[in-house]
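K.L.:
Sequence and computational prediction follow.
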Amino acid sequence: MMWPPDGSILGWLFVNPIHLPTGARLWMLLPLVACVAAVYRATRSRDAREIPRAALFTFISIVVAMVLIAAAFYVLHMGVRRFL
Amino acid sequence: MGKAIQAGLLTWIIPGAGHWWLGHRGLAIVFFVAITFPYCTGLALGGVKDFVNPRTNRWLFLAELGVGGYTTPGYFASRAVEANLAQRRADGEEVDETDYVGYYPESDIAQIYLATAGLLNLLAILDAISRSQTGGLPTFHRRRVATPGGESSS
């Protein structure tokens, strides 16, 4: 755990992986979706001021869509378990 | 054409740098933050040793190459860590690999974050190239503009 010897925080952070608490894993979806929404909206904006509102709408759309997809798979899973 | 290549290359090296160079400072900051954050998060969760390494995961490395300015030093850092561990083993020291490699489920999250960052930067590169050719307009805003000869072009 002592490498790199120069003790740089950046180097230490990227050399020794950090561990997430069990409950935090699912929530890691949200920052990634926020980044995807921001980049997507940035490519479609003339000016940076247009981005926050549009990115928020895209962020909510993606999260809702993923929740619906997860719910659909859950229902399918329960159906398969019940009828097969 | 030279401007487009320069903008694309700058964005490949540092996300948002091409946009900054073109004068879109606000967009540059958004691209920089939204691409650097997932890349650094993925690297912090997975560790540089196996997650910027074409020998352990070549497809992930290919996706990461979308952010060449981060992946190139990361690759050399990965090589340096491997060499350091090999040297320590050769010296008879007992090395615990789990200190240097992220395992499930962090490894999955790290891969998704790193690959997404690389692919998002490809989008940013294409956007920088597009804006350099259209005077700053995003691709979908292109309109047909009347030219002096009476013809129209996009």
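P.N.:
Here it is on my side, so go on.

K.L.:
Near the residue of chain B found nearest chain A, how many other residues are there?
P.N.:
Relative to chain A, the nearest point of chain B is residue B:26 (2.5 Å; Cβ to the nearest Cβ). C-beta: built from backbone N, CA, C; applies to glycine. If you count neighbours by other Cβ atoms under 10 Å in any protein chain shown, residue B:26 ends up with 17.

K.L.:
Does it lie in a helix or a strand, and which?
P.N.:
helix B:25-46 (DSSP states H and E).

K.L.:
Which of the residues in the next helix or strand after that helix are classified as buried?
P.N.:
Using DSSP H and E, the helix or strand that follows helix B:25-46 towards the C-terminus is helix B:48-51. Applying a neighbour-count criterion of 16 or more other Cβ atoms under 10 Å in any protein chain shown, one finds B:48, B:49, B:50, B:51 buried in helix B:48-51.

K.L.:
cool, stretch B:118-126 as well?
P.N.:
B:118, B:119, B:120, B:121, B:122, B:123, B:124, B:125.

K.L.:
Quick check: nearest residue in space to residue B:97, chain neighbours excluded?
P.N.:
residue B:85 (8.0 Å; Cβ to Cβ, 6 or more residues apart in numbering or on different chains).

K.L.:
Tell me the helices and strands packed up against the helix or strand containing the one you found.
P.N.:
Residue B:85 belongs to helix B:68-90 when assigned by DSSP H and E. In terms of contacts (3 or more Cβ pairs under 8 Å, 6 or more residues apart in numbering or on different chains; DSSP states H and E), helix B:68-90 is packed against helix A:9-15, helix B:2-13, helix B:25-46, helix B:48-51, helix B:58-64.

K.L.:
Can you list the neighbours in contact with that helix?
P.N.:
A:3, A:11, A:14-15, B:12-14, B:36, B:39, B:43, B:48-54, B:61, B:64-65, B:95, B:97, B:100, B:118 (Cβ atoms under 8 Å, 6 or more residues apart in numbering or on different chains).

K.L.:
Which stretches in chain A count as helices?
P.N.:
Secondary structure of chain A by DSSP state H: the helices cover A:9-15, A:29-43, A:51-83.

K.L.:
Fine by me, we can end here.
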